[in-house]
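Undergrad: sequence first, predicted model second:
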Amino acid sequence: MKTVPPVEKTDAPSDADVASQLPPLKFWQLFCRLFSYTAPYRRKRNWLIAQVILRSILLPVAAWATGAIINGPISSGNLTGIAWSVAAFLLLLVVTNYMFFYRQLLALELGEAVVHDLREKLFAHLQRMTMSFYNEWKPGRLISRMSSDVDAVRNGIQSTVFVSAVQLGQMLIVAAMMLYYDWLLFMIVLSIAPIIWWLNKMFTQKIGDAQREVQESFSRVTSALAESVEGIRVTQGFVREDVNADSFRALVADHSRYNMGVARPSAVFIPLLELNSQFFVAVLLLIGGWRVLRPDSLTEVGDIVQFFILANLFFDPIRTLGTQYTNALMAAVSAERIFDMLDTLPDWQDADDAVPLPHLQGRVEFKNVSFHYKPGRPVLHEINFIAEPGQTIALVGATGSGKSSITNLLTKMYLPASGEIYIDDLEVRRIRSESLHRQMGIVHQQSFLFEGTVLDNIRFARPSASTEEILAAAAKLDYLELIEQLPKGFHTEITEGGANLSSGQRQLISFTRALLADPRILILDEATSAVDAHTEARIQQSMATLLRNRTSFVVAHRLSTIRMADVILVLDHGRIVERGSHETLLALRRIYHSLNNTAAPV
């Protein structure tokens, strides 16, 4: 069994904790990793790179052409030359702008393709994570990774990377032209580089840290929103609307404050670049004018005009790059958070020598099994029992006694801290998880239903099942009439989580789904505790059909549901304290007898 060394945590890690553990932003590494996602679209990517190079050349050429027309036919008064030059210039502009449109289109398509693959990979990765991962990560934080972080990466690819590449390419081409025309004036322009480097260094860390805080605060807002929607019944039941609104208002205020933390340095950074550029333009005007006015000067006014057109084309990208810098930081921070999640491995994985489970007989054995969710807080101690094929094992005990933990281990959602679990003489660590789950069926206390029809939800257990097979499963449990009484019968649309159905109706669908799967091992985790007495009586009648010829584990909420069990295990603080049949345990006159007499829910 592959395992990752456990890290002791007292609570779920916050986004701030995660960010503080990350290394400083490494733009080149992040860029290279993101760039690898363009490999399946290399033809589109290569065309886009070619467009970036062409546009980087065409823009300076257009600027050079402007100066050439002024210096040439306009200065000499050649009307024919002016007409032809302007026509050629307009054609160049048409080609340049077509390249701009085509580059934008390719960038949008490539960005969307990369984001599509990135979201798919994130989703598939989350599907493989173990339950301990979901115990630590709140749904809102996961949604934030899949939404705002991925969108920031999309914006970085579509708008920032290739726009910046064009601007940088333009600066290099223009720099070469200026160096050719007047090396002295170019050296003056080049002296701006140390100032830009100093400004960039001064603002990089400040904007980067602020951008991280923005993304982290958005995760907290998303988590609070998801939690509020999920718990709306509790909120309204305890009149917590105003309290929750105040709490959410504080989170939104924090998010706004962090956004301002990005806006303030950005608002200073970009104008500083602008001021710096304007200052150097003024210096160039002063020196250039002095050189033209000197009596012995060979420099013409047209030459200075042409140089200044190029100089403006050199300074313009600096302002654009300053604007893109904040977007680049946002994309880098988001990519860092996404890759951090993708690099988070499950705390355990199937061993390399794990084997597919053959058709089960259904024998289950727990040997000296102990377990904890968090180190130092054991929930099961030295659990030993055997379930023979076809037997029904009932688990009873007070809340927190370890009933559901046993079923979690049985389904391999978690691995025991010590001891072994055998299924048909195969230790669970040597079994491929998916092959085990295919031969198991589970009905929970709160059965989860997906959006879609009743048929879709039942077919979830076996996608290849025909409508006739689904109807036959419902009829076998004597639920056919009850399900057909729904507004559109089996074609009734189910809203998110099955909110438009009663608890009893959801359980009927869940039991039918379990039977359709035809599992060799069946787990009923307090499956009747949330239904009314009439529905429970109806389910009790079908239990014999559902449990027949299957090894079954029934976590009991009401003792009436487990009297027919072959073996009843009574748990107390993670230990099996009594075991036997219903009659045997009553005769002991201990915990089970007390529970039976008081009719207390267990």
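TA: Ah, there it is. Residues are numbered from 1 along each chain as shown.
Undergrad: in the stretch 251-400 of the chain, which spans are strands?
TA: Using DSSP state E, counting those that start in this stretch, the strands of the stretch 251-400 of the chain run over residues 348-349, 364-374, 377-387, 392-397.
Undergrad: CA atoms of the last one as CSV?
TA: Output of strand 392-397 as CSV, limited to C-alpha atoms (Å, rounded to 0.1, in the frame of the first residue of the first chain):
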residue,chain,number,x,y,z
THR,A,392,-26.5,-9.7,8.5
ILE,A,393,-24.4,-7.9,11.1
ALA,A,394,-26.0,-5.1,13.1
LEU,A,395,-23.9,-2.3,14.7
VAL,A,396,-25.5,-0.5,17.6
GLY,A,397,-24.3,1.9,20.2
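Undergrad: so what strands line up beside it?
TA: strand 551-555 (parallel), strand 567-572 (parallel) (DSSP bridges).
Undergrad: let me know the angle separating that strand from strand 364-374.
TA: Relative orientation of strand 392-397 versus strand 364-374 (axes from the mean of the first three to the mean of the last three Cα atoms, to 10 degrees): 30 degrees.
Undergrad: circling back: okay, the strands of the stretch 251-400 of the chain, which one's buried deepest?
TA: Stretch with highest mean neighbour count among the strands of the stretch 251-400 of the chain: strand 392-397 (a mean of 25; mean count of other Cβ atoms under 10 Å). The way it works is simple: take the backbone N, C-alpha and C, and place the C-beta from them, glycine included.
Undergrad: spit out the contact partners of the closest residue to residue 565 other than its chain neighbours.
TA: Closest residue to residue 565 apart from its sequence neighbours, by Cβ to Cβ, 6 or more residues apart in numbering: residue 394 at 3.8 Å. Counting by Cβ atoms under 8 Å, 6 or more residues apart in numbering, residue 394 makes contact with 553, 554, 555, 556, 562, 565, 567, 568, 569.
Undergrad: tell me which two in the residues you listed are the farthest apart.
TA: Greatest spacing in the contacts of residue 394, by Cβ to Cβ: 555 and 567 (13.7 Å).
Undergrad: can you get me a residue count around residue 253?
TA: By the criterion of other Cβ atoms under 10 Å, residue 253 has 11 neighbours.
Undergrad: look up how far residue 224 lies from it.
TA: 12 Å (Cβ to Cβ, to the nearest Å).
Undergrad: swap in residue 192?
TA: 46 Å.
Undergrad: now the strands of the stretch 251-400 of the chain in CSV, with mean pLDDT and distance to residue 142?
TA: Shown next, in CSV, are the strands of the stretch 251-400 of the chain (pLDDT from 0 to 100; distance: least, Cβ to Cβ, whole Å):
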stretch, mean pLDDT, distance to residue 142
strand 348-349, 80, 20
strand 364-374, 93, 19
strand 377-387, 93, 25
strand 392-397, 90, 31
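Undergrad: make TSV out of those strands and add distance to residue 155.
TA: Below are the strands of the stretch 251-400 of the chain laid out as TSV (distance: least, Cβ to Cβ, whole Å):
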stretch	distance to residue 155
strand 348-349	34
strand 364-374	39
strand 377-387	43
strand 392-397	51
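Undergrad: residue 587: which of these is closest?
TA: Among the strands of the stretch 251-400 of the chain, strand 392-397 sits nearest to residue 587 (Cβ to Cβ), with 16.2 Å.
Undergrad: run the angle between that closest one and strand 377-387 for me.
TA: Going by the same axes, to 10 degrees, strand 392-397 makes 150 degrees with strand 377-387.
Undergrad: run the angle between the helix or strand following strand 392-397 and strand 392-397 for me.
TA: Going down the chain from strand 392-397, the next helix or strand is helix 403-410, by DSSP states H and E. Taking the same axes, to 10 degrees, one finds helix 403-410 and strand 392-397 inclined to each other by 140 degrees.
Undergrad: and helix 403-410, what does it pack against?
TA: Judged by 3 or more Cβ pairs under 8 Å, 6 or more residues apart in numbering; DSSP states H and E, the packing partners of helix 403-410 are strand 364-374, strand 377-387, strand 392-397, strand 521-525, strand 551-555.
Undergrad: distance to residue 406 for these - can I get that in TSV?
TA: Below are these laid out as TSV (distance: least, Cβ to Cβ, whole Å):
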stretch	distance to residue 406
strand 364-374	7
strand 377-387	7
strand 392-397	6
strand 521-525	10
strand 551-555	8
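Undergrad: sorry, back to before: need the strands paired with strand 392-397 in a markdown table with mean neighbour count and mean pLDDT, can you?
TA: Below are the strands paired with strand 392-397 laid out as a markdown table (neighbours: other Cβ atoms under 10 Å; pLDDT from 0 to 100):
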| stretch | mean neighbour count | mean pLDDT |
| --- | --- | --- |
| strand 551-555 | 25 | 91 |
| strand 567-572 | 22 | 92 |
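Undergrad: bridged to the residue nearest to residue 565, which residues?
TA: residue 554, residue 568.
Undergrad: coming back round to it: turn the strands paired with strand 392-397 into JSON lines, including distance to residue 73.
TA: Shown next, in JSON lines, are the strands paired with strand 392-397 (distance: least, Cβ to Cβ, whole Å):
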{"stretch": "strand 551-555", "distance to residue 73": "92"}
{"stretch": "strand 567-572", "distance to residue 73": "97"}
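Undergrad: with that, I have no additional questions.
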